[in-house]
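> requesting a structural model of the entry that follows:
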Amino acid sequence: MKRRLIISAVLAGVLILLCCAGGTAAALLGGLNGDPNDPRLNLAACGAGTTINLDRLPTLSELSPAEMRNAAMIVQEGQRLAIPPRAWVIAMGTALQESNLHNLANSNVPRSLGIPHEGVGRDHDSVGLFQQRPLPPDGAGGWGTVDELMTPATSARKFYEKLRGIPGWEKMRLTEAAQRVQVSAFPEAYQKWEPLAAAIVDSLTGGAARAPGAADPAALGCAPGGVITAGGWTTPVSDQVGSRFGPRDSSFHYGVDLSSPYRTPIRAAAAGIVMTAECNAHSGTGPMSCDVDGGIWVSGCGWYVEIKHADNVATRYCHMIQRPPVRVGQLVSAGEVIGLSGSSGNSSGPHLHFEVHLGGDMSNSGAVDPVPYMAAKGAPLKDVR
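Residues are numbered from 1 along each chain as shown. Model (predicted):
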């Protein structure tokens with residue numbers, strides 16, 4: 001929980017500084033996490049220069065040097081296997097959940113083998129960063145020998161090899177892919193680690209979590225619009241920002257309007273759970289239909305969807321043309337179609353009104369500018385200034 005709060009606070013600082021300080025953001029934010037070279041500050045970095053030197057690792061306030069070294073070996077092995085960067089984020093999130101990036105032994109290892117370790121786990125006889133179970137005496141059913149599984153690079157290789165054998169893993173939610181590999185008793189537990197896992201991969205690789213998730217690791221670059229990043233984010237539509245976040249006439253605009261024609265597919269910006277899928281159009285005389293165009297005299301989002309993501313982040317998608325095809329409580333993947341653009345509710349023409357909220361606060365107080373937020377995730381909105 002402490003780590004999740006730290007990264008939320010850092011990201012909130014990113015947004016405030018980018019919105020208000022322009023070119024000074026990088027210099028100021030360096031003081032927040034202790035590393036002015038943190039690639040989260042360089043929105044142009046998307047995996048350039050990915051060679052990892054274990055003797056000169058970057059720092060993140062969320063990780064100790066030993067944890068960062070273990071994380072680096074996980075990414076190194078993914079690079080060596082030439083598996084796409086989405087796998088590095090999945091592996092990182094898995095190791096965060098299983099061991100907090102500690103190379104754990106079980107209660108028998110120190111006595112019987114004397115293998116160096118960073119703590120003793122509590123999951124039966126499982127060991128290592130991924131808490132994999134060693135081969136039993138009969139040699140059947142385990143991941144490998146204790147020596148192998150206590151070697152970070154080897155345990156990571158075994159994780160990647162099993163992941164690579166799962167059809168469609170690149171498009172799965174992190175927790176679904178991790179669960180297919182690990183077969184945990186808590187299948188949803190991995191998803192909460194995706195933001196920190198992406199931040200770690202970015203720090204080690206010059207921003208590879210902002211590169212296309214299925215890209216060739218040898219040729220990384222920023223994800224184009226509509227492509228899902230290794231960190232699990234994508235643009236909801238590929239259309240241009242028509243109205244920005246901030247003061248507008250005598251009011252305040254708590255999102256951005258993306259100039260999407262009627263019936264443009266709207267995609268979930270990241271994996272999450274649907275919190276709202278309803279019509280909330282009103283006029284002075286009461287509720288209105290959302291199956292017709294609204295107008296400036298109408299209040300409300302019309303047909304709209306809200307999705308809760310990891311790290312208590314939520315997104316809102318307004319003015320859909322018809323009832324959205326998703327339901328409350330449904331789990332959705334990044335890039336999954338959640339509705340079609342329209343002009344229902346308080347709208348003067350077809351477009352998507354898109355909002356980002358932090359801290360689980362869906363009120364106006366929790367809204368932040370989606371433009372710098374999505375840029376930091378590697379899924380920049382088309383904002384022509």
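> enumerate the positions of the helix or strand hosting residue 93 that are buried.
Applying DSSP states H and E as the criterion places residue 93 in helix 85-99. Of the residues in helix 85-99, 85-99 count as buried by neighbour count, 16 or more other C-beta atoms under 10 Å. Bear in mind the C-beta positions are built from the backbone N, C-alpha and C, glycine included.
> for it, what is the distance to the chain centroid?
12 Å (C-alpha atoms, centre = their mean, to the nearest Å).
> equivalent analysis for stretch 239-247, please.
23 Å.
> what mean pLDDT does that stretch get?
Mean per-residue pLDDT for stretch 239-247: 96.
> measure that stretch end to end?
Stretch 239-247 has an end-to-end distance of 22 Å (C-alpha to C-alpha, to the nearest Å).
> buried set for it?
Buried positions in stretch 239-247, judged by neighbour count with 16+ other C-beta under 10 Å: 239, 241, 244, 245.
> would you list the residues you listed in a markdown table and tack on distance to residue 201 and secondary structure?
Shown next, in a markdown table, are these (distance: C-beta to C-beta, whole Å; DSSP: H, G, I helix; E, B strand; the rest coil):
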| residue | distance to residue 201 | secondary structure |
| --- | --- | --- |
| 239 | 29 | coil |
| 241 | 28 | strand |
| 244 | 30 | coil |
| 245 | 28 | coil |
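> from those residues, which is closest to residue 227?
Comparing the buried residues of stretch 239-247 against residue 227 with C-beta to C-beta places residue 239 closest, at 15.4 Å.
> what are the phi and psi values at that closest one?
The phi/psi pair for residue 239 (degrees, to the nearest 10) reads phi -80, psi 160.
> is it true that it touches residue 264?
Yes - in this structure, residue 239 is within contact of residue 264 by C-beta atoms under 8 Å, at 6.8 Å.
> so what sits against both of those two?
The contact sets of residue 239 and residue 264 overlap at residue 352 (C-beta atoms under 8 Å, 6 or more residues apart in numbering).
> run through who's touching the helix or strand containing residue 316.
Assigned by DSSP H and E, residue 316 falls within strand 314-320. Strand 314-320 is contacted by residues 236, 255, 266, 268-270, 272, 275-276, 290, 294, 301-309, 338-345, 347, 350-357, 360, 362, 366 when judged by C-beta under 8 Å, 6+ apart.
> next: stretch 73-86.
So stretch 73-86 is contacted by 47, 50, 52, 54, 87-88, 91-92, 95, 129, 152-153, 156-157, 160-161, 163-164, 170, 201, 204-205, 208-209, 211-218, 220, 228, 230, 232 (C-beta under 8 Å, 6+ apart).
> can you check stretch 176-195 too?
By C-beta under 8 Å, 6+ apart, stretch 176-195 touches 4, 7, 11, 89-90, 92-94, 96-98, 130-131, 159, 162-163, 166, 169, 172-175, 231-232, 271, 310-311, 313.
> out of the residues you listed, which are buried?
Buried, going by 16+ other C-beta under 10 Å: 4, 7, 11, 89-90, 92-94, 96-98, 130-131, 159, 163, 169, 172-175, 231-232, 271, 310-311, 313, out of the contacts of stretch 176-195.
> now the helices for the protein?
Residue ranges of the helices in the chain, as given by DSSP state H, are 2-21, 25-33, 65-80, 85-99, 109-112, 146-149, 152-164, 174-182, 194-205, 370-376.
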